[in-house]
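S.K.: only geometry, no sequence info:
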């Protein structure tokens, strides 16, 4: 295989893992914010 093909696959993999990690971090942050801001236990969003 070409070096360019291998490099492009590496870049694609790194980009996908970075996006995945960012999505997980945002999801955890939103869940923590909802948990800390909701004082009433029976109030469910979604």
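M.R.: All right, it came through fine. Every value quoted in this text rests on a predicted model; they were computed, and no experiment measured them.
S.K.: any idea how far the spatially most central residue of the chain lies from residue 13?
M.R.: Closest to where the C-alpha atoms of the chain average out (CA atoms, centre = their mean) is residue 23, at 1.5 Å. Separation of residue 23 from residue 13 (CB to CB, to the nearest Å): 16 Å. Placement of C-beta: from N, CA and C, glycine included.
S.K.: one more: residue 21?
M.R.: According to CB to CB, residue 21 stands 13 Å off from residue 13.
S.K.: for the chain, give me the ranges with low pLDDT.
M.R.: Across the chain, the ranges flagged by pLDDT under 70 are 39-46.
S.K.: now the helices for it?
M.R.: Using DSSP state H, the helices found in the chain span residues 3-37.
S.K.: burial check on residue 34, number of neighbours?
M.R.: Neighbour count for residue 34, taken as other CB atoms under 10 Å: 13.
S.K.: adjust the sequence numbering to begin at 434 for everything that follows.
M.R.: In the new count, where the first residue is 434, that last one comes out as residue 467.
S.K.: measure it to residue 457 for me?
M.R.: Separation of residue 467 from residue 457 (CB to CB): 16 Å.
S.K.: for residue 438, same thing?
M.R.: Taking CB to CB, one finds residue 438 at 29 Å from residue 457.
S.K.: for residue 466, same thing?
M.R.: Computed as CB to CB, the residue 466 to residue 457 distance reads 15 Å.
S.K.: do the same with residue 444
M.R.: In terms of CB to CB, residue 444 sits 21 Å off from residue 457.
S.K.: what do you get for residue 449?
M.R.: Per CB to CB, residue 449 is found 13 Å from residue 457.
S.K.: repeat for residue 470
M.R.: Taking CB to CB, one finds residue 470 at 21 Å from residue 457.
S.K.: same thing with residue 468?
M.R.: Counting by CB to CB - residue 468 and residue 457 are separated by 16 Å.
S.K.: of residue 470 and residue 457, give the one with the bigger neighbour count.
M.R.: residue 457 (10 against 7).
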